[in-house]
Structure formats: C-alpha cells, structure tokens
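In: What follows is a predicted protein model with its sequence.
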Amino acid sequence: MSEKRKEDTGFSSFESTNLYDDIINLPHPDPKEHDRMPLQQRGALFSPFSALTGLDEELDETATLVNEYWEEYRDETNETGVNKRETNKSL
C-alpha cells in the first residue's frame with residue numbers, strides 16, 4: 001500500500017481492521033437462478049490447456065523438413081568433406 005493511501009486510511013493492508021466483522025462469517029450465497037457447478041467441472045476450468053493448438057504438428061513438420069534437408073546435404077557431400085553446392089557457389 002502506498003504511503004499516501006496508508007495515511008488516508010490510517011492503517012496498512014497487513015493490519016487487522018474491524019471493517020468486515022459483520023459479514024466475514026456469513027455463509028456464501030447460493031445462486032437462485034441455477035444450480036452450482038460441480039467441483040469437478042469448476043476444476044476443469046482451471047486445468048492446463050493447449051493455448052497454441054496445432055503447434056506440435058507444425059514443429060514435427062518443421063523437424064521433418066530440416067532432417068530431409070540435412071540428409072540431402074550430407075548425401076551431396078563428397079569424400080573430401082566439401083559439399084557440391086558450396087563448390088558450385090564459388091565458381
């Protein structure tokens with residue numbers, strides 16, 4: 001709590017106050033229009049989810065393309081360790 005706010009209220013956020021003593025022990029209100037959601041469903045709202053749907057498939061596809069490229073590159077490399085693509089670039 002900022003110093004200005006602390007001065008305005010006269011207490012810090014960590015000090016006990018009696019502002020809510022009249023309501024602190026009241027039961028939680030139940031909704032009148034509908035039944036409460038079961039705990040299992042409420043918990044599912046906060047369970048982990050895949051925010052980036054399709055990411056795993058895209059990563060797999062990229063890895064496959066990169067592996068294919070490097071296999072071709074390796075196959076094109078002659079016994080001296082120089083790749084044919086690189087020797088053609090220098091000509």
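Out: The structure has been received and is ready for your questions. Numbers count the residues shown, from 1 in each chain.

In: which stretches of the chain aren't confidently modelled?
Out: Per-residue confidence for the chain (pLDDT under 70) gives these ranges: 1-17, 49-50, 78-81, 83-91.

In: OK, contacts around Leu55?
Out: Residues counted as contacts of Leu55 (C-beta atoms under 8 Å, 6 or more residues apart in numbering): none. (C-beta placed from N, C-alpha, C; glycine too.)

In: Go through the protein and flag its longest helix.
Out: The residue-count maximum for a helix in the chain (DSSP state H) belongs to helix 55-76.

In: and it, which residues are buried?
Out: Within helix 55-76, no residue counts as buried by 16 or more other C-beta atoms under 10 Å.

In: Keeping just the C-alphas, turn it into PDB.
Out: What follows is helix 55-76 as a C-alpha-only set of coordinates in PDB (Å, rounded to 0.1, in the frame of the first residue of the first chain):
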ATOM      1  CA  LEU A  55       1.900 -26.200 -32.600                       C
ATOM      2  CA  ASP A  56       3.100 -29.800 -32.000                       C
ATOM      3  CA  GLU A  57       2.100 -30.700 -35.600                       C
ATOM      4  CA  GLU A  58       3.900 -27.700 -37.000                       C
ATOM      5  CA  LEU A  59       7.100 -28.400 -35.000                       C
ATOM      6  CA  ASP A  60       7.000 -32.100 -36.200                       C
ATOM      7  CA  GLU A  61       6.600 -30.900 -39.800                       C
ATOM      8  CA  THR A  62       9.500 -28.400 -39.500                       C
ATOM      9  CA  ALA A  63      11.700 -31.000 -37.900                       C
ATOM     10  CA  THR A  64      11.000 -33.400 -40.800                       C
ATOM     11  CA  LEU A  65      11.800 -30.800 -43.400                       C
ATOM     12  CA  VAL A  66      15.100 -29.900 -41.600                       C
ATOM     13  CA  ASN A  67      16.100 -33.500 -41.300                       C
ATOM     14  CA  GLU A  68      15.400 -34.100 -45.000                       C
ATOM     15  CA  TYR A  69      17.400 -31.000 -46.000                       C
ATOM     16  CA  TRP A  70      20.400 -32.200 -43.900                       C
ATOM     17  CA  GLU A  71      20.200 -35.700 -45.300                       C
ATOM     18  CA  GLU A  72      20.300 -34.300 -48.800                       C
ATOM     19  CA  TYR A  73      23.200 -32.000 -47.900                       C
ATOM     20  CA  ARG A  74      25.100 -34.900 -46.400                       C
ATOM     21  CA  ASP A  75      24.400 -37.100 -49.400                       C
ATOM     22  CA  GLU A  76      25.700 -34.400 -51.700                       C
END
